[in-house]
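Asker: structure of the sequence below:
(4 chains)
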4 protein chains.
Amino acid sequence: MSKKILMKGNEAIGEAAIRAGCLNYFAYPITPQTEIAEYLSRRLPEVGGVFLQGESEVAVSYMIFGAAACGERIFTTSSSPGVSLMCEGISYIAGAQLPAVFVNIMRGGPGLGGILPSQADYFQATKGGGHGDYRMLIMAPESVQEAVEMMMLAFPLAEKYLNPVMILGDGLIGQMMEPVQFPDDLKSEPTNKDDWATNGMDTRKSNSRNLIKSLFLDPELLNNNNLTLKAKYDRMKQDEVRFESYNIESDYKVLIVSFGTMSRVCKTAIDNLKAEGFEVGMIRPQTLFPFPEKAIEDAVSKDSCNLAVSIEMSMGQMVEDVERSVKGKRPVEWYGKCGGDVPTPEEIMDVVKKLRT
Amino acid sequence: MSKKILMKGNEAIGEAAIRAGCLNYFAYPITPQTEIAEYLSRRLPEVGGVFLQGESEVAVSYMIFGAAACGERIFTTSSSPGVSLMCEGISYIAGAQLPAVFVNIMRGGPGLGGILPSQADYFQATKGGGHGDYRMLIMAPESVQEAVEMMMLAFPLAEKYLNPVMILGDGLIGQMMEPVQFPDDLKSEPTNKDDWATNGMDTRKSNSRNLIKSLFLDPELLNNNNLTLKAKYDRMKQDEVRFESYNIESDYKVLIVSFGTMSRVCKTAIDNLKAEGFEVGMIRPQTLFPFPEKAIEDAVSKDSCNLAVSIEMSMGQMVEDVERSVKGKRPVEWYGKCGGDVPTPEEIMDVVKKLRT
Amino acid sequence: MSKKILMKGNEAIGEAAIRAGCLNYFAYPITPQTEIAEYLSRRLPEVGGVFLQGESEVAVSYMIFGAAACGERIFTTSSSPGVSLMCEGISYIAGAQLPAVFVNIMRGGPGLGGILPSQADYFQATKGGGHGDYRMLIMAPESVQEAVEMMMLAFPLAEKYLNPVMILGDGLIGQMMEPVQFPDDLKSEPTNKDDWATNGMDTRKSNSRNLIKSLFLDPELLNNNNLTLKAKYDRMKQDEVRFESYNIESDYKVLIVSFGTMSRVCKTAIDNLKAEGFEVGMIRPQTLFPFPEKAIEDAVSKDSCNLAVSIEMSMGQMVEDVERSVKGKRPVEWYGKCGGDVPTPEEIMDVVKKLRT
Amino acid sequence: MSKKILMKGNEAIGEAAIRAGCLNYFAYPITPQTEIAEYLSRRLPEVGGVFLQGESEVAVSYMIFGAAACGERIFTTSSSPGVSLMCEGISYIAGAQLPAVFVNIMRGGPGLGGILPSQADYFQATKGGGHGDYRMLIMAPESVQEAVEMMMLAFPLAEKYLNPVMILGDGLIGQMMEPVQFPDDLKSEPTNKDDWATNGMDTRKSNSRNLIKSLFLDPELLNNNNLTLKAKYDRMKQDEVRFESYNIESDYKVLIVSFGTMSRVCKTAIDNLKAEGFEVGMIRPQTLFPFPEKAIEDAVSKDSCNLAVSIEMSMGQMVEDVERSVKGKRPVEWYGKCGGDVPTPEEIMDVVKKLRT
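Answerer: Sure thing, here's the model as predicted:
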């Protein structure tokens, strides 16, 4: 593992991709993640990689498609409105079963909104902004170090499932500086690309030719493609759920569900409340799809637990998945804010105290 | 009310918009809904309206923004990939609180997919394909007549809530011919546009100037905008839920939830099963957002009811909202297909019979 | 004729189009001609016309194609970089033999350049910015009144030749205010559109269907299309040359050739020089294509005339056509500036005096 | 020099760029030059280069701008309509004084036209398709070998003048196979990029920072930029004129001016006519800008010479430059065709014989 260095989240994300073995990055600038492009425009040439600024996010999404189809590791980064422009492309990439990594450093919306942190693209990320039945594997880091590790994991996961993977961060992750290490053991090389990529047709090696497409005019073939996708998403639900439990061994009365940097604030609130003698547990989904439904169902089922609350920097999106997970066993509440001001620990403490009564 | 005439769904949708008082239509062609553009390119000039084919769906979405901002009634139609390209624009329109009507005649996906009917854009429509916290009011017609009525309702609803409204149909609705009537009492005129539209600044009439924007750099103002939006969506949940109950007075063992043309097949299956002595009830959401959560919770709570099944032409999307609604009171199953072949009544009958056991 | 009113050039150009019977205007804003769009966005709705801002100049050029193909009178306005983006579209419109009117209110170039007046798009306008053998009929006004009259003539000329017509002005024409009259006798109605436009196919009236295209894969057919175009351009050279002679009856020693607002400065210089006893003549091309070759050849052939000088707000473009016209009979010089500063009468006087020696 | 290998023109052009030291190629496919992209998509990765297919020719032109601004050798290839879409970008690149190489493998126009050979983009190439006062250095190869050599020269010439260079070929050049050698001595490395490129700011080496722009809002600065450009074009006229003389030592009665593959047909015609005792000379411009004005003036001035004829695969474009060069000393005729059928030697012989009479 590399030694610890102090880095800004956006730069660490860029460096992590390189360390993971991805030397292609296409993007279009947008606040609050433009530093990734700035960093990589300088770094990638040093390591023989390619940085390319596309004409628009729409253009970038199809360059991603093209590079991925050729078997190249590829990723892009953007922020909320930019990701909306990629929705069609992401659907095509998922439909064609290609690996690619997307990073969304969310800003406040809808529309132009603002440039401060937000988590309001939860729905877009997890339920598919694009059309058709597809899912992305979504990981939400809480710290710069976790962002680095998730980035490095994203490429092999995308290749394992031949599916887009998204890192869903927020402006805080992108802008804050923290010490990071780049784990050597997360370096990986794509090994299976000859099986599917259109990476040149060496017909001496193989009788068959790889074909990449999302068009299936025959309804049976299209249904089959969708069944194949569904089977992958079911496997993800089986194998890829990641979450962190916090203060879950206590006799908590309230279960918080939160993700990303919001969780860090919640942890402080939980610690403070504990000091006051009020126990609160937390499940922090690290993967938003697949969602830790079982973990939340189990956690809320604890006898001491009276209710669950989804705390989000949005007007209530993840709360729907919490509701589904809780299956009516306890009341589910929501608290959130959506404009860039991150709720403070004190605010969370007040919210939880009020909910108790 | 006009006399009954036999019309193709796509043409009836176009005509309904005109009858509703909308004389502006911007679109980009895509199967299976291009007949709407074809019809309106001929009809709109006859009534002094404007048909314009944009450069792309991205372009169209922003022309919609522009026309809506000027206080003009405006709508567009597209199909799945085209709607994905409008995701950013829809988020901007919602963020700027503008009325506009979108029609998605869904085709199979993801990606290019196929051109046959599908319901796989349920998530995109109801959870927001675009970024940020916004919702569209979504109506899903089951017949050409209902499509006409929903179209005519869509414009005053969009204006009432200053929010985009979407008609979510499928290729069957667009392609089939049925007798339709255009109800005179659904004609309406926008009455409130001087309050918000940038329709020329007659400063003699008013001291204030209307301003349309989705940018709020101040986090408090952006949060306020989101609270305003949330309040509208809460009002929609209160006032705009529409659904149909079918065979709900019987002692049904299974509750089907299905929407759009899928429901018509389910009705035949339910009738056939009833003849066999097996009672099945159905809730057909006519609005997908707001979703008839309470109706489904109530229906599934009936003593005779053992389980709910969401039947969809997708790999399982609405089923998540059914799960949320059912709150763990009964098991929730899903059955679906996604390639263009519409499940037959016999297939539905088999599925329901198997679920019973 | 209407009474005289004081109008800014840009607004007068917009009004002239309406008076000429053109109710369709699609454009994308760019300094120094955005006032045309601003004016027409207000005026066109008053007269039942359509104003539409496209996504880009590329998009606009193809909307022009579409509207023209349907037999609608249509025009757009832009400035230098915007016109470059229309080059492909203009070539298609010329190739498909459609009438349309383009206005280029030139600004300094190349690239972004500046926003002050320029005449440096002479080559682009007269030699075809787009690919292939085509020409536009180009008119260059010297005053707001002439701009109005050229605009009103442009539509019937475009329809007479089924070819794009361009008004090539500069920022001065667009920005200055002058009294103008709109001549009633320049109103016109398109009369021949049923012969060629795809304006709906009433097969009861006609056995044949109009077809608009620029694609001719058979080389003989493509050559024929080019011969048809060439024949039109030859007819333009025969019938449409327009120019103004100034002080041409004197025994001028120097012949100035200049166009547009540059000519007004030259006239002052010529008057001043005449007062000093130094005679200078001028030919002012009002059409740049077809170019008044014969007039210039004749004028330069006068015994008293020692040389010709092309005075342009560019680095020397029209001078090539002057050279061709003069056919070696006299030396041809060029004087120009290209940055936004319009040469003054004194500067022109100095230049001419120096050339004499 | 490499040994002779048989290559298709399009592939040889691609290979020549690599041999010249250019490892960046961005393009959008269009017949009849798509083989260049196909070839380079395979070849560039082998040599560590970058092939990128842009979203459109507009997008490509600005990617070229970006890469050139960073000091990277870069080129693109397209065909007529695609080049029209690059007109704005080319003007920006010229205005910002950046080196870049464009290849236009011309097809029939205007509009979609056809896919067979043409020379009808002569005007667009030489007079600036884009806006403003700029020129490209234009080279027109007659054979695959010459295309290779011109490609290899193009990069150092672009860097010498900090100006775009265009290779203007036609479908024949692109499609035909000929033996070619890649001259080692035409390999070159850019040496001056630190003087102007925005290739990272090592402020230890230099106090000044390189700035790339085409915007000069101050009219004096914009005029200065144009004077700088004009001085470069004057130097090109001085130093870079290239042409071939054919049968010029004979007492020719007619002087043909033709370029590119058209010249090869003319040479056969000239040989055949010579055998019949009828002498015809030819000047073949290898550079179209700068144009060999003096060579043509001299050649036409020969006592035996009665007239000049410009023979082009267009409706008469280069003929204007021939007229300017001839300065009225002899009549100037034109012969051409524009649809894809290349005039045959017999046809040229007939034309020349008729002109004589």
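Asker: leaving out the residues flanking it, which one is nearest to A:Leu255?
Answerer: Computed as Cβ to Cβ, 6 or more residues apart in numbering or on different chains, the closest residue to A:Leu255 that is not its neighbour in sequence is A:Ala308, at 4.5 Å. (Each C-beta comes from the backbone N, C-alpha and C, glycine too.)
Asker: name whatever forms a beta bridge with the closest residue to chain D within the stretch 251-357 of chain A.
Answerer: The stretch 251-357 of chain A approaches chain D most closely through A:Phe289 (29.0 Å), counting by Cβ to the nearest Cβ. Beta-bridge partners of A:Phe289, counted by DSSP bridges, are A:Ile138.
Asker: do the same with A:Phe243
Answerer: A:Pro285.
Asker: gap between it and A:Ser325?
Answerer: 11 Å (Cβ to Cβ, to the nearest Å).
Asker: cool, A:Met315 as well?
Answerer: 20 Å.
Asker: neighbour count: these two, which is higher?
Answerer: Neighbour count, other Cβ atoms under 10 Å in any protein chain shown: between A:Met315 and A:Ser325, A:Ser325 has more, with 25 against 21.
Asker: distance of the more buried one from chain C?
Answerer: 43 Å (Cβ to the nearest Cβ, to the nearest Å).
Asker: also A:Asp350?
Answerer: From A:Asp350 to chain C the distance is 48 Å (Cβ to the nearest Cβ).
Asker: quick one: that residue is in a strand?
Answerer: No. A:Asp350 is assigned helix when assessed by DSSP: H, G, I helix; E, B strand; the rest coil, not a strand.
Asker: excluding chain neighbours, what is closest to A:Gly54?
Answerer: A:Val60 (3.8 Å).
Asker: re earlier: report the set of residues contacting both of A:Phe243 and A:Ser325.
Answerer: A:Pro292 (Cβ atoms under 8 Å, 6 or more residues apart in numbering or on different chains).
Asker: please parse chain A into its domains.
Answerer: A:5-200+A:226-239, A:243-356 (automatic domain parsing).
Asker: and the strands in chain A?
Answerer: Along chain A, the segments classed as strands by DSSP state E run A:5-8, A:24-27, A:50-53, A:75-78, A:100-106, A:137-139, A:164-170, A:177-180, A:243-246, A:254-257, A:280-285, A:287-289, A:307-312, A:332-336.
Asker: to B:Gly281, which of those lies closest?
Answerer: The closest of these to B:Gly281 is strand A:332-336. By Cβ to Cβ, the value is 26.7 Å.
Asker: contacts for the closest one?
Answerer: A:307-316, A:319, A:322-323, A:326, A:343, A:348, A:351, A:355.
Asker: give me that answer again for 6 Å
Answerer: Residues from elsewhere that reach strand A:332-336 (Cβ atoms under 6 Å, 6 or more residues apart in numbering or on different chains): A:308-312, A:314-316, A:319, A:322-323, A:326, A:351, A:355.
Asker: dump those to a markdown table, plus pLDDT.
Answerer: As requested, the contacts of strand A:332-336 are exported to a markdown table (pLDDT from 0 to 100):
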| residue | pLDDT |
| --- | --- |
| A:Ala308 | 98 |
| A:Val309 | 98 |
| A:Ser310 | 98 |
| A:Ile311 | 98 |
| A:Glu312 | 97 |
| A:Ser314 | 97 |
| A:Met315 | 96 |
| A:Gly316 | 96 |
| A:Val319 | 98 |
| A:Val322 | 98 |
| A:Glu323 | 98 |
| A:Val326 | 98 |
| A:Val351 | 95 |
| A:Leu355 | 90 |
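Asker: find the pair from those residues with maximum spatial separation.
Answerer: Among those, A:Met315 and A:Val326 lie farthest apart (Cβ to Cβ), at 19.4 Å.
Asker: wait, does the longest helix seen in chain A contact chain B?
Answerer: Identified as the longest helix of chain A according to DSSP state H is helix A:219-239. Yes. For helix A:219-239, a contact with chain B is found by Cβ under 6 Å from any Cβ of the partner chain, at A:219, A:222-223, A:226, A:230.
Asker: so what's A:Met313 closest to, chain neighbours aside?
Answerer: Spatially, and ignoring its direct neighbours in sequence, A:Met313 is nearest to A:Gln119 (4.0 Å; Cβ to Cβ, 6+ apart).
Asker: ok, A:Leu172 - contacts?
Answerer: Residues in contact with A:Leu172 (Cβ under 6 Å, 6+ apart) are A:117, A:261.
Asker: I'd like to know how many residues surround A:Glu149.
Answerer: A:Glu149: 21 neighbours (other Cβ under 10 Å).
Asker: residue ranges of the helices in chain A, please?
Answerer: A:9-19, A:34-46, A:57-69, A:80-85, A:87-95, A:122-127, A:144-161, A:171-175, A:219-239, A:261-275, A:293-301, A:318-326, A:345-356.
Asker: do you know the pLDDT at A:Lys205?
Answerer: Reading off the confidence values, A:Lys205 has pLDDT 60.
Asker: now do A:Ala69
Answerer: Reported pLDDT for A:Ala69: 95.
Asker: the one 10 residues further on too?
Answerer: A:Ser79 carries a pLDDT score of 97 in this model.
Asker: thought it was touching A:Arg107?
Answerer: Yes. Assessed by Cβ atoms under 6 Å, A:Ser79 is found in contact with A:Arg107 at 4.8 Å.
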